[in-house]
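**Q** only geometry, no sequence info:
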């Protein structure tokens, strides 16, 4: 994996950050790295996430899910960080086992999914640290009932990942369900390299050991200079661009297999860095599709964003057939991959020509190892950005208000937030 | 359909725009409406889009696709505005016919799709106004060859939507393919209410007449006051918020069926308004999922965005079973829909309590009529915003540079943009 900062420099057609400013920033990277290493050594909350390549035991995960032989599908019931990491892996990798995510409480979508599944050969993978997340538990209750209605013993088909205590832990104990704990000190959005992200991947037959090896390779590159670590290079330059007004970061992989990765990245970035009036807004884009959708804005709109272009050096390819269509002969003899690469380079150059910065991230391949590298590097980049911006990277206080309001509205207790909902202003145009 | 601006007002907990400022803006809305009506009456480029509820003939579309009896799948080959409108409709509505979109040139994704289809019962719906779009034509050539390899006569299975002349028009004429023209004066991102968006929907068995009726209902509400038109209310207040620094617009439907609508909206907003250094950046979010992902940033990050909350008043629902799990009894007896509604109201109130503006859009139901209303209203809102901001809503100049570069890189001619790609700066960290 490599990160190319060329189109961020002010010497490039793109401009942006001067090389001297990056060198000065590197002193702060060294101090931040020192803080991060101390946090990791002490197992501090959040920093512990960056230890997962060493602390996660893939054999324990394999053992815990070994009860489920050859499932046809895995349905992960979880929301936010309890689903996005696993989804990133299983959506990026091919498998004979279908992976689905109940990460919302849309009744029509839930019903459609349950109707389409053979529940007798489906594994339900329930993930909630607290064991009380309303959306997750409601969906789990619905799935459990659907299994009962289909004559399937849900206790034979359910795997639980949760904290050391709580509803789900009690349930797992009571019914002797296979189960693993959410690791301590690891917020949901940083949990992909633990059971939370790897159990579904293991059930789908993916090489979770290689995911951890890729992550370990990036861990080994963390150092006191952004010029020695792809992860820190990305984090530092994202911060430097935000400081210069580029408060939006468009994550634009040129691979459909990485579409869910953009969602995972968006949560990582938004929830970790968006607080105290600070934070860089993640935008989700997909190359080449969004060249025909978002690129107009990125190239000619406000100078408030940069684009992160991601691609893999190797992939399976499909030849474009020769054609008798006028003016399209140039396509014949090349491949869809060649075309995608040309679009990638053209977009990068197009942004540079318009003076808009971009960062290029290249993986060798979208496989288990490459994903491990990418996910770990983005996490370390995020932690570094948090240090440089002096935000509290590992908390998410702003989601709590709404949780209390929703609970109050449903009669789950007396919460003043629910009363506030009643006071809504109205100015209706219909 | 209704638009509620209550949480945009500065009198609301949310603050934002004063009622007096909205009243003053309404004078400009009247002038903009006048300009729009003149453009529509004269059939000017772009403005013509808002005439589609009257000018599109659904019977002609039904007739043109009638050759294809009961397909198992429809694969639309198109990119950007040639795919997103159709995808919005077919992803939102249930059908026995599977709808797929080849809107990228990722070889692995294309191969996976083609391997999964029964090509003998699949209709290929090729959409390109120019008939030369490289991504679309390359994919079409690949699909055509896959059909030949499978022993399927592609000329029996292909429907073409393209301009009056060009490669695809010649092809359709030569092989006597069923075909309809892209309407004049309608940019791709405004074309959902024409053949471009409706042919795939018709092939999937949807009520395209009702889509046009819903659109016509919103057309009838256009008037010289934002207080009389949901579309103009939305467009005017989006503009007013951008003027006050809210340059990002997070489109957050609380319905998974509207997930693709967010992508369609993002193209509409980005490509129409993002030029000359101006433009409001669309963010794509999904409720309730993104409460656990993006909401932290929206509520506590920079004051540079507002949230558009969309929901349907009616939907199919799923009861949450009673439970013996401690602390979750409050969920029993309610439904997933109740929970989703509670999450919606909680998020809206949570934003207001933090002084962050939001707009609420309510549909009666996510059905053909409701989608027609929503899509037309957003288009009219976008055109109004463009008038108020003095941008040239109907052009997209910034996508051309990259197209020439990509073509040059593939050997399709001599383009100086391709040379610029070679000059890329590099600062690689690996």
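**A** Sure, I can see it. Predicted, not measured: the structure shown is a model, and the values here were computed from it.

**Q** For the residue nearest the centre of chain A, give me its contacts.
**A** In chain A, the centroid-proximal residue (CA atoms, centre = their mean) is residue A:264; its distance is 1.8 Å. By CB atoms under 8 Å, 6 or more residues apart in numbering or on different chains, the contact set of residue A:264 is A:84, A:85, A:87, A:88, A:189, A:192, A:375. C-betas here are computed from N, CA, C, even on glycine.

**Q** Kindly recompute the last result at 10 Å.
**A** Contacts for residue A:264 (CB atoms under 10 Å, 6 or more residues apart in numbering or on different chains) come out as A:81, A:83-89, A:91, A:189, A:192, A:197, A:251, A:258, A:374-375, A:378, B:293.

**Q** How far does stretch A:331-344 sit from its chain's centre?
**A** Its chain's average C-alpha position is 28 Å from that of stretch A:331-344, according to CA atoms, centre = their mean, to the nearest Å.

**Q** How about that stretch, which residues are buried there?
**A** Within stretch A:331-344, the residues that qualify as buried are A:331, A:334, A:335, A:336, A:337, A:338, A:339, A:340, A:341, A:342, A:343, A:344, counting by 16 or more other CB atoms under 10 Å in any protein chain shown.

**Q** again with stretch A:183-203
**A** A:183, A:185-203.

**Q** Take these and keep only those in helices.
**A** A:195, A:196, A:197, A:198, A:199, A:200, A:201, A:202, A:203 (DSSP state H).

**Q** how close does the closest residue to residue A:155 other than its chain neighbours sit to residue A:165?
**A** Counting by CB to CB, 6 or more residues apart in numbering or on different chains, residue A:175 is the residue found nearest to residue A:155 once chain neighbours are left out, at 4.5 Å. Per CB to CB, to the nearest Å, residue A:175 is found 16 Å from residue A:165.

**Q** And residue A:122, by the same measure?
**A** 28 Å.

**Q** for residue A:143, same thing?
**A** For residue A:143 relative to residue A:165 (CB to CB), the value is 23 Å.

**Q** out of the two, which sits in the more crowded spot?
**A** Legend: neighbour count by other CB atoms under 10 Å in any protein chain shown for residue A:143 and residue A:165, higher for residue A:143 (25 against 12).

**Q** Mind checking which of the contacts of residue A:264 are buried?
**A** Neighbour-count burial (16+ other CB under 10 Å) is assigned, among these, to A:81, A:83-89, A:91, A:189, A:192, A:197, A:251, A:258, A:374-375, A:378, B:293.

**Q** among those residues, which are in strands?
**A** Those of the buried ones among the contacts of residue A:264 mapping onto strands are residue A:251, per DSSP state E.

**Q** which SS state does residue A:210 fall under?
**A** Three-state assignment for residue A:210 (DSSP: H, G, I helix; E, B strand; the rest coil): helix.

**Q** Pull the contacting residues for the nearest residue to it once chain neighbours are set aside.
**A** Once flanking residues are discounted, residue A:210 sits nearest to residue A:368: 3.7 Å by CB to CB, 6+ apart. Neighbour list for residue A:368: A:89, A:92-93, A:201, A:206-214 [criterion: CB under 10 Å, 6+ apart].

**Q** can you do 8 Å?
**A** Residue A:368 neighbours (CB under 8 Å, 6+ apart): A:89, A:93, A:206, A:207, A:208, A:210, A:211, A:214.

**Q** and which of these is nearest to chain B?
**A** residue A:93 (10.9 Å; CB to the nearest CB).

**Q** wait, doesn't that closest one sit right on residue A:210?
**A** No - look at residue A:93 against residue A:210 with CB atoms under 8 Å: they stay out of range, at 10.4 Å.

**Q** Residue A:249 versus residue A:280, what's the distance?
**A** Counting by CB to CB, the gap from residue A:280 to residue A:249 is 5 Å.

**Q** if we can go back for a sec, okay, residue A:93 and residue A:210: which has more neighbours?
**A** More neighbours surround residue A:93 than the other of residue A:93 and residue A:210, with 19 against 16 (other CB under 10 Å).

**Q** Strands of the stretch 251-400 of chain A, start to end?
**A** Secondary structure of the stretch 251-400 of chain A (DSSP state E, counting those that start in this stretch): strands at A:281-284, A:305-312, A:358-363.

**Q** mind checking how far the closest residue to chain B within the stretch 1-150 of chain A is from residue A:133?
**A** Proximity to chain B, evaluated over the stretch 1-150 of chain A using CB to the nearest CB, is greatest for residue A:80 at 2.7 Å. For residue A:80, the distance to residue A:133 equals 9 Å [CB to CB].

**Q** So between these two, which is more surrounded?
**A** residue A:80 (28 against 24).

**Q** quick one: residue A:117 and residue A:74 touch, right?
**A** No - Residue A:117 lies out of contact with residue A:74 (CB under 8 Å); the separation is 10.4 Å.

**Q** so what's in contact with the two at the same time?
**A** Counting by CB under 8 Å, 6+ apart, the shared contacts of residue A:117 and residue A:74 are residue A:100.

**Q** More neighbours: which of the two?
**A** Taking neighbours as other CB under 10 Å, residue A:117 and residue A:74 compare with residue A:74 leading, 26 against 18.

**Q** so which strand or helix has the more buried one?
**A** Using DSSP states H and E, residue A:74 sits in strand A:73-77.

**Q** hmm, that strand touching chain B?
**A** No - figure legend: strand A:73-77 not in contact with chain B (CB under 8 Å from any CB of the partner chain); closest approach 12.4 Å.

**Q** is chain B contacted by stretch A:135-151?
**A** Yes - Stretch A:135-151 comes into contact with chain B (CB under 8 Å from any CB), by way of A:135, A:137, A:138, A:139, A:141, A:142, A:144, A:145.

**Q** Kindly report the domain assignment for chain A.
**A** A:2-36+A:212-389, A:50-207 (automatic domain parsing).

**Q** Make JSON lines out of those and add mean pLDDT.
**A** Below are the domains of chain A laid out as JSON lines (pLDDT from 0 to 100):
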{"stretch": "domain A:2-36+A:212-389", "mean pLDDT": "94"}
{"stretch": "domain A:50-207", "mean pLDDT": "96"}
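
**Q** so which of those gets nearest residue B:99?
**A** domain A:50-207 (14.5 Å; CB to CB).

**Q** Would you work out how far apart the start and end of the closest one are?
**A** 20 Å (CA to CA, to the nearest Å).

**Q** next one: stretch A:352-372
**A** First-to-last residue span, stretch A:352-372, CA to CA: 30 Å.

**Q** For PyMOL, what selects the buried ones among the residues of stretch A:135-151 next to chain B?
**A** Buried members of the residues of stretch A:135-151 next to chain B, defined by 16+ other CB under 10 Å, are picked up in PyMOL with:
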select buried, chain A and resi 135+137+138+139+141+142+144+145
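
**Q** So which of the residues of stretch A:135-151 next to chain B sit within helices?
**A** A:135, A:137, A:138, A:139, A:141, A:142, A:144, A:145.
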